[in-house]
Structure formats: C-alpha cells, structure tokens
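Sequence plus predicted model, see below.
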Amino acid sequence: MKFFVSCAKGLEYLLVDELLALGCSHATAARAGANVEGDLAHAQRAVLWSRLASRVLWPIAEYDCPDERALYAGAAAIDWSQHLRVGMSLAVDAHVSGDAITHARYAAQRIKDAIVDTLRGPDGERPSVDLDNPDLRLSLVVKANKAGASKAILSVDLGGGPLHRRGWRQTQGEAPLKETLAAAVLMRGGWPALYHEGGALLDPMCGSGTLLIEGALMAADVAPGLMRDGGAMQTPSRWRGFDVIAWRALVEEAETRAAAGNAALRGDFRGSDLDPHAIRAAQENAARAGVAESIAFDVRDVAQLAAIETERGLVVCNPPYDARLAADPMLYRTLGTALKRAVPGWKASLLCGDAELARATGLRAAKKYQVFNGAIECALIVCDPILPPQKERPVEAEPQTLSEGARMVANRIRKNLRASKSWRSREGVTCHRVYDADIPEYAAAVDVYIGDATGELWLHVQEYAAPAEIPEATTRRRLQELLAGARDAFAVPRERVAVKTRAKGKGGSKYADSGAFKRGETLDVREGAALLRVNLFDYLDTGLFLDHRPMRLRIAQEAKNARFLNLFAYTGAATVHAAVGGAAQTTSVDLSATYLQWCSDNLRLNGLGGARHRLVQADVLQWLLADRGEYDLIFCDPPTFSNSARADDFDVQRDHVRLLQAAMARLAFGGTLYFSNNYRRFRLDENAIAAFAHCEDISPETIPADFARNPRIHRAWRLRAI
C-alpha cells in the first residue's frame, strides 16, 4: 500500500530518513510530508515511533470530484461497514483546493452525511460525531490535478489526531514549540548520537522545557506515542481495519525499550530561563514525562550563562521571534556571545525567527535550514563548533620590522598613553581617544575600548578624508602603516581592531559600506557607574560618543530624583547615566526602533527597566509639541541633518530655535536643559533664544582631555527658564 505521512514544512527530507529507518520499504518527500510504501504494520509503527510526523493517513478511497454531488456520491459508494459500526463516533478533517469544492467545513459535512446515510440502522441508530475523541477520524483532501480535474482522497487518520501531542505537556509558556519541530532541531544537531558519545544537552532559554524533555526521551529511547491519549495500550484509532494485536505487540516492545532507556539515562541535561513561571512549567512537564531526575533547571538570564566543564555537547534553543514574543536582535546577540564564552567547543542547533536574527547571534553557521513553526517561516542554523578555532598564522623566521611611519605612529601613541595615564587612572576611564591625527600624514582617530567582563582591549580606527591631491595608493599605504603602529603599541591582535575606511566614490570621499564588517559582536564597557554596550564593527558609530563623556557624567551627578528627558536619545547612554544616578524616571525619544532597542538593552544591562524608564519612538519635534509632561533635566543632542519617510526633514541650523523653544516648554520650574551638537559651522541664534531662556556656553567644560587637540568636536550650552 501507499500511505501519506504529513509533517511541518521544511522537515520533509528529515522525515523520509526517519521513515526508512523505521522499516518502510520506500519513501519520497512531498510538500509538507512524505509518500510512503509499506504495509499497515509500517504505518502503525510510524504512529508510535515517528518523532517528526504530524499525521499518518491510510487511504481507503480516491475518486473524481467535479462538484459536491460527486463528493457525496463517491463517499456513499464506500462500504462503511468495513470501517466503523453504527454506534461508533466519527470526525472528518477536510482540506480543499481548486474550484470544484471551496468550503472545507461544508465538504466535511457532506462526507459525514454520506457515511451516516449509508450506515443508518433499521431502528434509526447512526454513527455520531465527536470532534475531540472520535472512534474514527477521517481525512478528506480535495485537490485539482494538472489538467484541472478535482479528485477526492479519503484516508483514515491512524493516529486519531495530531501526533505532536506526546501526552506529557500540560503546562506551557506563551509561545510553545511543537514537539515535532523540537525533535527536528535536535536531529539536525546530531542528537541523540551525540548523547551516546558522552555529550550533554543545554537549552539556555528553555521556556516550558520542550526541547530538553524531547531530547531526554530521545536519549532514553522512549517512543513518542507511548503517553499519547492516556496510554498507548488504548489504540489511537478504533477503525475496524486497525490491527489491534500488532499494535499491542509494538507497544509492549516500546515499553521494554523505554524501561531500559530510562533506567540508564544520565543527568546530562541542563535548562535555564529568566522567567521563574516558565521554569516551574518545565519542571512539571519533565515530571510527567518521567525525566525530571535527569534535567537540572534553574532561573538565569542567558547573559549570565556559566561555563560548562563537559567537553562535548549540544546547545538547542528557540529564542523569541514571533508576534507574541517580539524579536530582539540584541537578545540573539547576547545568546551568541554567551555560548561562545560558556561552551565554545560544543555544537549548537538554534531555531531563529529569520536569517537576520540568525546572523545577529554572531555565530558562524555550518548549515542552515528553512523550516516552518506553524505559519511562521524560521531559520534553523547548526554551528559546529560554536566558536571555531582561530587559524594559526604562519610562524615568521624573524619579527616583522615596522616601517618608519609605523614606528612614528606607535611612538606617538605610547607618548599619549603616558601623558594620559594619571587622569585616566584618577577618573577610571576605560574608553578613550588615544590618537587623533597627531601626525598629519597619518590622518585617523584611534579609540580604545576595554571590555568590562574580560579586560580585553579593542581598538576602533576611523580614517579621515585625505586631501584630493594625495594619490589613493599613498592614502592606503599610510593607513596600513598607522594600523601596524597602533597594533604594535598595544600588542593587540588584528581581529580586535575595527577599521572604518574612507572610499572615493560619487559625491566625494565617504566611509566604505560598513556591511563588510558585519560580525554581530558586541562589547560591554564601563563608564563611571554605568555599563554600556558598544558594537565596534557593524556600524559607522559604535553606540557611544566618547567626546560626550563629561556631559554624561554631569547628567549622572544632577539626575538624582529628577524626571529626565533624553531627546534624540541614540543608544541611550545618557539615559543610563541618569538612571544609575538616581533619576526618578526617564523618557528617551528617538525615531529609530533599532536605537531604542539598544537603549533598552543598555538599561537592562544595568538592572533597569519597567514603567519608570519610558522609550518613545517618534519624531522629536512633533512629540515635544504634543507632549504635556514636565521634566527637571533634559538632554538634547540632535544630528546635523536627518531625513526619514516617517518624519519631516530636520536641519539643526534651521530648526534649533523651534526645537529648543518646544523643549523649554516641557522644562519644570528650576530645571536645566543641556543642548549640544557637533556641526562645525553651527551658529546659535542667541537673540531668539534670549526671548525664552537664559543660555550659557559650557563647551570648554564638556570637552574631555583626550579630545583637547580637537576642541571643536562639539559645542554645548546650558539653558534655564527666564
């Protein structure tokens, strides 16, 4: 016989391999399933043992179906006494396509009518309908062939319903993962073969525990159908053609294997989640599945994932990604960073929302698969290992000699470090500018970032535009010499140096596409009492303007018990300083959802969040005109110019008076507004400002020592109400 086994889209070829391993003589992938050749025993074995199948459908009739009359007549021609008795119950699940039959519920009703009419007893007794737990569940598929003619296929659903329901999950989280898809994630990661080689299993965002429990049952050789519908000895279908004797023999064999597997199951399963309610649900589910003793659950943020000593293992994870659990690229990045730190030599199989979120992990995928979680298209990536070993550089017979230019740059950087050592130590500065075109021929800015957790030193280099008369070859050579000198001065490897280069193109000199540097890698750094997340490689700016360090520290000192407003908030560094400085509440406004998410991550990094810290995605000027709140401390650092499809164009020179007037209208009595921008040609309209505020130029006080060579990096003013 030929029968059909359905599955989630994307799992077809994996399902074919599984069915062949279960003994089916032939199986080929089809859309959302597999066409299988085998006997009834093979189909019943698939019901009990398939971890990927959604349904196992055994066909009993196929006939032409040009209209609903033919649909009824074809079903009425079947001898239904071979399939169910008068007093039994039935349900029909219908799927229709094409023009002949267009309403699935109506089609199911007509099949039910045909069965009831042909089986009605002499005393009027007839089969009943039970949609939840019928004796016989039928599947109707009506589809058109290539010639346009419609056919109806009636099949017995041998499993009696969806096979992903294993029977142990009674408690679930907000967006549960189907057990069949969980099994696919595990299989793509090489589980359970990895378990039998001594490997462990980890899910650092485990939710209600589906992946871990499914992984433990796979390792213990427990058939997925053993607990379904209250126990496998109750046959999943009371179809009269179901081979009950063969089924019970299958179940007895499965129970013997499960008893042996559970007795030998190692405690090599670990799960954690930030939500204590999810952990409780996972523990309850594991207990019902009989694997609670083998899985260690704890409440933990993924960012705090501890290193695991076990040499080999698999990480499986299903991070949030759909409409119910908003996708968060920074959370994916945190996951990737945590895995590289905790289990770098392990394998990972991660079900991500899409390819962009998969890339946000910063992990290098050895294999990628497109799968569907219901209607949601997802990216399943397999990384082996999580952190590939660094390629060893060829050993040189002698150390490479620096060119004269590179030696000049290295010596100047060392001199600058010696000169700044005392104030950096006194003020606890770990991120600073160390070189700013000190030697005119080597025109670039070199900034130092030191990771708070690791103490590793990273460099961020931005090339300045060279004069038009300088040949491009000379510019490239000088940049390479500058980089060599910087690496020599700090003894830092090439992979910890981010370089933003200028490229000549239409419209003049501009920075090369930063997409070339996409690494999805972040670094947490400390500034004063605040922890801040930077990204040195993926964007032109890092997420932290170092020249505003004194301004941010000033805000931290003045924010205690204040209502703080951050306009053009960017990544929220000033907001974090205000919050850790004791602000009563903060409001951060920016048009970019990406920057607001970054701000949220920065707050969370410092243990902050909730209703006291409001994030607003809006055009700043329009929001100010509509807002009715009062704020004691306001920071406004607008861009020179911006245009967006979602907001009016903004020009700081043209619009600054209107902007400051709207901001001052929101300033509480006795409050302070700090205004800053980095447009070199900016001229404050002092006469217009004087009409509504006292204004004081505080630029010299806000330029840090490491930017003293470039005091025009920004201008800053303090405004107070008249």
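Looks like it came in fine.

From here on, just use CA atoms for contacts and neighbour counts.
Noted.

any idea what Leu250 is structurally, helix, strand or coil?
Recorded secondary structure, Leu250: helix (DSSP: H, G, I helix; E, B strand; the rest coil).

Show the low-confidence segments of the stretch 351-500 of the chain, by residue range.
390-400 (pLDDT under 70).

mind redoing it with 90?
353-362, 364, 373-377, 388-402, 425-426, 428, 452-455, 465-470, 472 (pLDDT under 90).

from the chain's centre, how far out does whichever strand or helix holds Ala46 sit?
Following DSSP states H and E, one finds Ala46 within helix 40-49. Mean-position distance between helix 40-49 and its chain equals 37 Å (C-alpha atoms, centre = their mean, to the nearest Å).

Go ahead and name everything in contact with the helix ranked longest in the chain.
Longest helix in the chain, counting residues (DSSP state H): helix 404-427. Contact partners of helix 404-427, identified using C-alpha atoms under 8 Å, 6 or more residues apart in numbering, comprise 430, 434-435, 438-439, 442, 478, 481-486, 488-489, 706.

Now do the closest residue to Arg683 other than its chain neighbours, the pLDDT please.
Nearest non-adjacent residue to Arg683, counting by C-alpha to C-alpha, 6 or more residues apart in numbering: Gln653, 7.1 Å away. Here the pLDDT value assigned to Gln653 is 96.

which residue ranges form the strands in the stretch 301-450 of the chain?
313-317, 347-352, 367-373, 376-383, 432-436, 444-450 (DSSP state E, counting those that start in this stretch).

just checking, what packs against the second one?
Under the contact definition 3 or more C-alpha pairs under 8 Å, 6 or more residues apart in numbering; DSSP states H and E, strand 347-352 sits against helix 179-188, strand 313-317, strand 376-383.

With the first one instead?
Other helices and strands packing on strand 313-317, by 3+ C-alpha pairs under 8 Å, 6+ apart, are helix 193-196, strand 200-203, strand 347-352.

For the first one, what does the pLDDT average out to?
What that stands for is helix 193-196. 96.

What lies in contact with it?
Ala200, Leu201, Ala219, Gly313, Leu314.

Please apply the same query to the last one.
With C-alpha under 8 Å, 6+ apart as the contact definition, strand 347-352 has outside contacts at 185-186, 188-189, 312-321, 358, 378-386.

go with 7 Å
185-186, 188-189, 313-319, 358, 378-386 (C-alpha atoms under 7 Å, 6 or more residues apart in numbering).

Kindly report the same for stretch 587-595.
Here stretch 587-595 has contacts from 564-571, 575, 596, 613-620, using C-alpha under 7 Å, 6+ apart.

Sort out for me which of those residues are in strands.
Phe564, Leu565, Asn566, Leu567, His613, Arg614, Leu615, Val616, Gln617 (DSSP state E).

looking at the residues you listed, which has the most residues close by?
Phe564 (30 neighbours; other C-alpha atoms under 10 Å).

For that one, list each beta-bridge partner.
For Phe564, the beta-bridge partners are Thr586, Leu633 (DSSP bridges).

Then Leu138?
Val92, Val156.

Report the contact partners of it.
Counting by C-alpha under 7 Å, 6+ apart, Leu138 has contacts Ala91, Val92, Asp93, Leu154, Ser155, Val156, Asp157.

picking up where we left off before, may I see the strands of the stretch 301-450 of the chain organised as CSV, with mean neighbour count and distance to Ala296 added?
Converted to CSV, the strands of the stretch 301-450 of the chain look like this (neighbours: other C-alpha atoms under 10 Å; distance: least, C-alpha to C-alpha, whole Å):
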stretch, mean neighbour count, distance to Ala296
strand 313-317, 26, 14
strand 347-352, 27, 19
strand 367-373, 17, 27
strand 376-383, 22, 24
strand 432-436, 23, 43
strand 444-450, 21, 35
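
Figure out which of these is closest to Asp79.
strand 367-373 (38.4 Å; C-alpha to C-alpha).

if we can go back for a sec, identify the farthest-apart pair in the ones in strands among the contacts of stretch 587-595.
Phe564 and Gln617 (16.5 Å).

got the angle between the helix or strand hosting Asp524 and helix 404-427?
Here Asp524, judged by DSSP H and E, is contained in strand 523-527. With axes from the mean of the first three to the mean of the last three C-alpha atoms, to 10 degrees as the basis, strand 523-527 and helix 404-427 are set at 50 degrees to each other.

Give the pairing partners of strand 523-527; include direction for each.
strand 530-534 (antiparallel).

Next secondary structure element downstream of the strand it pairs with?
helix 549-558.

roughly how far out does that next one sit from the chain middle?
With C-alpha atoms, centre = their mean, you get 33 Å for helix 549-558.

follow-up on the earlier one: would JSON lines of the strands of the stretch 301-450 of the chain with distance to Ala30 be doable?
Output for the strands of the stretch 301-450 of the chain, formatted as JSON lines (distance: least, C-alpha to C-alpha, whole Å):
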{"stretch": "strand 313-317", "distance to Ala30": "27"}
{"stretch": "strand 347-352", "distance to Ala30": "23"}
{"stretch": "strand 367-373", "distance to Ala30": "15"}
{"stretch": "strand 376-383", "distance to Ala30": "18"}
{"stretch": "strand 432-436", "distance to Ala30": "59"}
{"stretch": "strand 444-450", "distance to Ala30": "53"}
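
So for Gly33, which of those strands sits nearest?
strand 367-373 (12.8 Å).

What is the closest one packed up against?
strand 376-383 (3 or more C-alpha pairs under 7 Å, 6 or more residues apart in numbering; DSSP states H and E).

which strands and helices sit next to the strand it packs on?
For strand 376-383, the packing partners by 3+ C-alpha pairs under 7 Å, 6+ apart are strand 347-352, strand 367-373.

Mind doing that once more with 10 Å?
Secondary-structure packing of strand 376-383 (3 or more C-alpha pairs under 10 Å, 6 or more residues apart in numbering; DSSP states H and E): helix 179-188, strand 313-317, strand 347-352, helix 355-360, strand 367-373.

Show me what the first one is packed against.
What that stands for is helix 179-188. helix 12-21, helix 210-219, strand 313-317, strand 347-352, strand 367-373, strand 376-383.

Do me a favour and average the pLDDT over that helix.
98.

Buried residues of that helix, list them for me.
Under the neighbour-count criterion of 16 or more other C-alpha atoms under 10 Å, helix 179-188 has Glu179, Thr180, Leu181, Ala182, Ala183, Ala184, Val185, Leu186, Met187, Arg188 buried.

do the same with the fourth one
Taking 16+ other C-alpha under 10 Å as the basis for neighbour counts, the residues of helix 355-360 that come out buried are Ala355, Leu357, Ala358, Arg359, Ala360.

OK, contacts around the fourth one?
By that I understand Arg359. Pro329, Tyr332, Arg333, Gly336, Cys352, Ala365, Ile381, Lys518, Arg519, Gly520 (C-alpha atoms under 10 Å, 6 or more residues apart in numbering).

Just the closest of these to Asp649, please.
Pro329 (27.9 Å).

can you redo the helices and strands packed on strand 313-317 as a markdown table with distance to Val299?
A markdown table is the format used below for the helices and strands packed on strand 313-317 (distance: least, C-alpha to C-alpha, whole Å):
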| stretch | distance to Val299 |
| --- | --- |
| helix 193-196 | 24 |
| strand 200-203 | 12 |
| strand 347-352 | 20 |
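
looking at those, which is closest to Glu62?
strand 347-352 (38.0 Å).

How far off centre is that closest one?
The answer for strand 347-352 is 11 Å, by C-alpha atoms, centre = their mean.

May I ask which helix or strand of the protein has the lowest mean pLDDT?
strand 508-511 (a mean of 55; mean pLDDT, DSSP states H and E).

Relative to Asp275, how far out is the residue nearest the centre of the chain?
The chain has Tyr332 as the residue nearest its centroid, 4.1 Å off, counting by C-alpha atoms, centre = their mean. Distance of Tyr332 to Asp275, given as C-alpha to C-alpha, to the nearest Å: 17 Å.
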